[in-house]
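Q: for reference, the sequence and a predicted model appear below.
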Amino acid sequence: MEFYDFHVHSTFSEGKSTLLEIAQRAKLLGFSGICIVNYFSQFEDIEKLKKEVETVRKDVGIEIFIGFEAKNHYELNKLRRLRKSYDVLLVRGGSLNLNRKAVETPEVDILAHPEFGRKDPGLNHVMVKLAAKNDVAIEINFREILVSSKASRQRILHNMATNVMLCKKYGAKVIITSGAFSHWEMRDPKILVCMGCLIGLELSESKNSLSKIPLSIIKKIEERRSKKWIMPGVKVVE
């Protein structure tokens, strides 16, 4: 199977490792591709990032996609209008209002860690149904578990398991990522698969969350790169 890590930060945003270090580590771990995630404030430097991505892609021999993460409603609305300029649109979860807006927006690919900083899962059955309808993947972010401890880790695992249960019940996609801010925080795909099984995914479902689900996002990326694509569900037919 081809595995992908669709949420990694480099020094271009607030990560601690260069894109080259991350790409080399990802290939060593067995990933076929990664998504390097940035913030709206870095959007003006996107052409510089694209050049760096192209150079590293050729040098390392791994697929690299460019993602932007919206932190609020304003950034989400701006990034929606610029949708053809980059590959993956993520929304930083945690706020109930922003979680709801993310799953209502077909342009969004991934709702990142919806339970972030919360005592509850950050989702309910209504939001998960909307995620399924609008093809928004719900992220399970390994870094949340990695940097937590004791009671906070227990709460995070419980909230993730609840979100997985809701996604399985209502047919929403689950995507597992490392959420790494350093190439040292990246993990072997098999470790991430095991983590998915720990919180309620079947083995095949957990593997799909690192393979089939990212591949479905890649398919949408290829569609958006076409000059005929206008917006989700709308394209030019000749």
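A: Arrived safely.
Q: E21 falls within a helix, correct?
A: Yes. When the secondary structure is assigned by DSSP: H, G, I helix; E, B strand; the rest coil, E21 falls within a helix.
Q: how close does it sit to V234?
A: E21 sits 39 Å away from V234 when distances are taken as C-beta to C-beta, to the nearest Å. Just so you know, the C-beta spots here come from the backbone N, C-alpha and C atoms, and that holds for glycine as well.
Q: the more surrounded of the two?
A: E21 (18 against 9; other C-beta atoms under 10 Å).
Q: beta-bridge partners for W229, please?
A: Legend: beta-bridge partners of W229 under DSSP bridges are K235.
Q: quick one, what contacts it?
A: By C-beta atoms under 8 Å, 6 or more residues apart in numbering, the residues touching W229 are 84, 223, 235.
Q: residue furthest from the geometric center of the protein?
A: When each C-alpha in the chain is compared with the mean C-alpha position (C-alpha atoms, centre = their mean), E238 comes out farthest, at 33.4 Å.
Q: ok, for that residue, nearest residue in space, not its chain neighbours?
A: Ranked by C-beta to C-beta, 6 or more residues apart in numbering and with sequence neighbours excluded, the top spatial neighbour of E238 is K228, at 7.9 Å.
Q: isn't the one you found up against K235?
A: Yes. Look at K228 against K235 with C-beta atoms under 8 Å: they come within range, at 4.7 Å.
Q: between these two, which is the more surrounded one?
A: It is K235, of K228 and K235, that has more neighbours when counted by other C-beta under 10 Å, with 13 against 10.
Q: low-confidence ranges, the chain, go.
A: Low-confidence regions of the chain, defined by pLDDT under 70, are absent; no residue qualifies.
Q: 80 instead?
A: Judged by pLDDT under 80, the chain has its weakly predicted residues at 227-238.
Q: look up how far F3 lies from the residue lying closest to K71 once chain neighbours are set aside.
A: Leaving aside its sequence neighbours, K71 sits nearest to R92 (C-beta to C-beta, 6+ apart; 4.9 Å). In this structure, R92 lies at 24 Å from F3, with C-beta to C-beta as the measure.
Q: also R100?
A: Using C-beta to C-beta, one obtains 30 Å as the distance from R100 to F3.
Q: please say which of these two ends up with more neighbours.
A: Residue environment comparison for R100 versus F3 gives the larger neighbour count to F3, 22 against 18, counting by other C-beta under 10 Å.
Q: list the contacts for the nearest residue to that one once chain neighbours are set aside?
A: Closest residue to F3 in three dimensions, ignoring its sequence neighbours and counting by C-beta to C-beta, 6+ apart: P189, at 3.9 Å. Neighbour list for P189: 3, 5, 29-31, 210 [criterion: C-beta under 8 Å, 6+ apart].
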